[in-house]
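A predicted structure for the sequence below; I have some questions about it.
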Amino acid sequence: MKLEGDIMLELHIPDFDLAQDFYSSLGFEVVWRREPKNDKGGYMVMKKDHSIINFFGGDEGVSNHSFFTRFPKDTPRGYGVEVMIPINGIEEFYEEFLKTHKDKVIKELNHKFTMPDFRATDPFGFYLRFVERYDWVNGRDKEGNR
């Protein structure tokens, strides 16, 4: 399987098991995983349809990364970033999400904008926007409407 893209998302986290449990419940599957070893961070890649999320760290040593040591350890992860995850059938996905992750919902499913969406956080505090799949390049929904 060839995984590539112009921009790859990498989330630095302290617990791969927690991430794997949460993102697997959303339909993501682990492509490969390497555990942290000898003060070197591990790595995990998860995929759902055409969406790929990479995870670095896997233990508390993730906060010792050279860039992140300039921030307090309790700085919210992903501050100022919204991770958009396209979904086919957002209404059904939302109902399933509520069954196991209702406490993570920040903004309920709505249809105010171009495509229906809802907002939530993952177990680490990353801000997630689940949105009905949309052709962002051409500005069209799955029926071809602008």
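Structure's in. What do you need? Because the structure is a prediction, the values reported are computed rather than measured.

what's the neighbour count on Tyr23?
Neighbour count of Tyr23, defined by other C-beta atoms under 10 Å: 23. Where C-beta positions appear, they are placed from N, C-alpha and C, glycine not excepted.

Helix, strand, or coil at it?
Secondary structure, DSSP: H, G, I helix; E, B strand; the rest coil: Tyr23 is helix.

same check, this time on the one 10 residues further on
Reducing the assignment to helix, strand or coil with three-state DSSP, the entry for Arg33 is strand.

quick check, Asp103 in a strand?
No - counting by three-state DSSP, Asp103 is not found in a strand; it is helix.

Which pLDDT value belongs to it?
Note for Asp103: predicted pLDDT of 97.

Ok, Lys2 next?
For Lys2, the pLDDT comes out at 55.

And the one 10 residues further on, by the same measure?
The predicted local distance difference test score for His12 is 92.

Test my guess that it contacts Asn64.
No - using C-beta atoms under 8 Å, His12 is not in contact with Asn64; the gap is 10.6 Å.

mind checking how far stretch 72-91 is from the chain centre?
6 Å (C-alpha atoms, centre = their mean, to the nearest Å).
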